[in-house]
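Student: Next comes the sequence, and after it the predicted model I'd like to discuss.
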Amino acid sequence: MKTTISQVGKYTDQEVTIGAWIANKRSSGKIAFLQLRDGTGFIQGVVVKAEVSEEVFATAKSITQESSLFVTGVVRSDERAPSGYELTVTGIEVIHEAVDYPITPKEHGTEFLMDNRHLWLRSKRQHAVMKVRNELIRATYEFFNENGFVKVDPPILTGSSAEGTTNLFHTKYFDEDAYLSQSGQLYMEAAAMALGKVFSFGPTFRAEKSKTRRHLIEFWMIEPEMAFVDHEENLQVQEQYVSFMVQSVLKNCQLELKVLGRDTAKLEQVVGPFPRITYDDAIKFLQENGHEIEWGEDFGAPHETAIAQSFDKPVFITHYPAAIKAFYMKPDPNRADVVLCADMIAPEGYGEIIGGSQRIDDMELLQERFQEHNLSEETYKWYLDLRRYGSVPHSGFGLGLERTVAWVCGLDHVRETIPFPRLLNRLYP
Ligand SMILES: NC(=O)C[C@H]([NH3+])C(=O)NS(=O)(=O)OC[C@H]1O[C@@H](n2cnc3c(N)ncnc32)[C@H](O)[C@@H]1O
Ligand SMILES: [Mg+2]
């Protein structure tokens, strides 16, 4: 019976054949232990010299790390095994011998691992991270489909910028100048006027010369947009979504969280509602706790970490000064110098995972903003049309997938959260 490691539980005490690679192995004169992986999971294959042919035992002793093989054996229940099963090997057919596989089972430096990211992905730890990433994506689609949102795909090649013109990736579109998308938001606003509640999920690009553990050059963002939804309702959708994702990972990725050594008690706290603190109160809190910061300044990572330390779940920081936020954000009707926005700050020092706001829905005010931000009305004529023809209050947000993966997995750096990270000075592999 041919099967996969994730399915062996269906064949307890039966002989199966699995296509696999050797992740690691150890042996003595009488027994060999093969750590097998096949992409769906990991299982130990036990080769007992007295129970197999000389050829099979000789192969088990000599086979090298990351060689590929078909392994046949009897599935045994074993509560000591992480997967709950072990394989008593009866046959081995080598497919391809891997000679001098570079990532040997010892500590390796970060740059070495990054240069070998195409192989490092095979490790148990990276496998666990990619499975959690997958679950966050799966839960995203479940949450938004269950809540009446329509998936809409904004363009990657675009002629406009949503998040300022200082970190655009320029490219040519035949004879025209174009940019790689920083955010699909503006297009999602157009989609929301057509479909009510929409969400996107795709790559976005920021030519930021930031070499930090939170910044990627190419990262994936989920960008919901909702017509007839105001600032507070926007926050409620965000906390429901993030809570749903985290609880889905707790439900479906216990094995992976164990591999990562993640303290799941901290994730169990992540249920709505989330606390809210205004920018004003956050500034007061920071000043009272020794931080040199003045009203009007943006928060850096240390500030976000200090604020989040007062909470055991994500916290919204709301109502930032208009002057340090994007042109499209709607001013607070009661205070023109702050806007109806919020950043969601993850606990445990993981920082901002969501940026969102209610959008300006007034034509004249948006035109004023274009003037203030030196944005060409011609380029954004289509965006202004959304305020010209049946404008409505609307809100949305962008969740950074990789920063969310880092937080949920408890990882120090976003480089482990994406299959092939694009960082400052890293375009290989
Ligand atoms: N539809 C919207 O309202 C989204 C809005 N236009 C937007 O792009 N907001 S954001 O710039 O805060 O980015 C949103 C999130 O995108 C993530 N982000 C933002 N920049 C990065 C970089 N460089 N690397 C990794 N992740 C990043 C981070 O979690 C931010 O909170
Ligand atoms: Mg932001």
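Tutor: All right, it came through fine. Numbering: from 1, shown residues only. Ligands and ions are numbered 1, 2, ... in the order given.
Student: Give me the neighbour count for Ile92.
Tutor: Other residues within reach of Ile92 by the criterion other CB atoms under 10 Å amount to 25. Glycine gets a C-beta too; all of them are placed from N, C-alpha and C.
Student: give me the beta-bridge partners of it?
Tutor: Val71 (DSSP bridges).
Student: OK, contacts around it?
Tutor: 47, 56, 59-60, 63, 69-72 (CB atoms under 8 Å, 6 or more residues apart in numbering).
Student: Please determine how far it is located from Ile22.
Tutor: In this view, Ile92 and Ile22 are 10 Å apart by CB to CB, to the nearest Å.
Student: ends of stretch 189-202, how far apart?
Tutor: 16 Å (CA to CA, to the nearest Å).
Student: Then stretch 217-236?
Tutor: With CA to CA, one end of stretch 217-236 sits 29 Å from the other.
Student: what sits in contact with each of Ile92 and Ile22?
Tutor: With CB under 8 Å, 6+ apart, Ile92 and Ile22 have common neighbours 63, 69.
Student: on that earlier part again, weed out the non-buried ones from the contacts of Ile92.
Tutor: 47, 56, 59-60, 63, 69, 71-72 (16 or more other CB atoms under 10 Å).
Student: For Ile217, state which of the residues you listed is nearest.
Tutor: For the buried ones among the contacts of Ile92, the minimum distance to Ile217 (CB to CB) is 38.2 Å, reached by Leu69.
Student: quick one, what contacts the closest residue to Asp361 other than its chain neighbours?
Tutor: With CB to CB, 6 or more residues apart in numbering as the criterion, Asp361 has its nearest non-adjacent residue at 4.6 Å, and that residue is Ser391. Neighbour list for Ser391: 361-363 [criterion: CB under 8 Å, 6+ apart].
Student: out of those, which one sits closest to Gly410?
Tutor: Of the contacts of Ser391, the one sitting nearest to Gly410 (CB to CB) turns out to be Asp361, at 40.0 Å.
Student: for the closest one, what are its contacts?
Tutor: 330, 387, 391-394.
Student: Give me the phi and psi for it.
Tutor: phi -110, psi 10 (degrees, to the nearest 10).
Student: Could you do Leu36 as well?
Tutor: The phi/psi pair for Leu36 (degrees, to the nearest 10) is phi -100, psi 140.
Student: per-residue confidence for it?
Tutor: At Leu36, the pLDDT value in this model is 98.
Student: close enough to count as contact, it and Gly45?
Tutor: Yes: the criterion here is CB atoms under 8 Å, and Leu36 meets it with Gly45 at 5.1 Å.
Student: Find residues that contact each of the two.
Tutor: 71, 87.
Student: Just among the contacts of Asp361, which is most surrounded?
Tutor: His394 (24 neighbours).
Student: who touches the spatially closest residue to it that is not a sequence neighbour in this structure?
Tutor: Leaving aside its chain neighbours, His394 sits nearest to Ala227 (4.8 Å; criterion: CB to CB, 6+ apart). The neighbourhood of Ala227, defined by CB under 8 Å, 6+ apart, consists of 192-193, 196-197, 392, 394.
Student: In helices, which of the residues you listed appear?
Tutor: Members of these lying in helices (criterion: DSSP state H): 192-193.
Student: Looking at the contacts of Ala227, which one is closest to Gly272?
Tutor: Of all the contacts of Ala227, Gly272 sits closest to Lys197, with 18.3 Å by CB to CB.
Student: wait, doesn't the closest one sit right on Pro224?
Tutor: Yes: with contact defined as CB under 8 Å, Lys197 counts as touching Pro224 (7.2 Å).
Student: Can you name the helix or strand that Lys251 falls in?
Tutor: helix 231-252 (DSSP states H and E).
Student: Now do that helix, average pLDDT.
Tutor: 98.
Student: what comes up buried for it?
Tutor: Applying 16+ other CB under 10 Å to helix 231-252 flags 231, 234-235, 237-246, 248-250, 252 as buried.
Student: Mind listing what's buried along the helix or strand just after that helix?
Tutor: From helix 231-252 onward toward the C-terminus, using DSSP H and E, the following helix or strand is helix 254-259. Within helix 254-259, the residues that count as buried by 16+ other CB under 10 Å are 256-257, 259.
Student: other SSEs contacting helix 254-259?
Tutor: Contacts defined by 3 or more CB pairs under 8 Å, 6 or more residues apart in numbering; DSSP states H and E place helix 254-259 against helix 124-146, helix 264-268.
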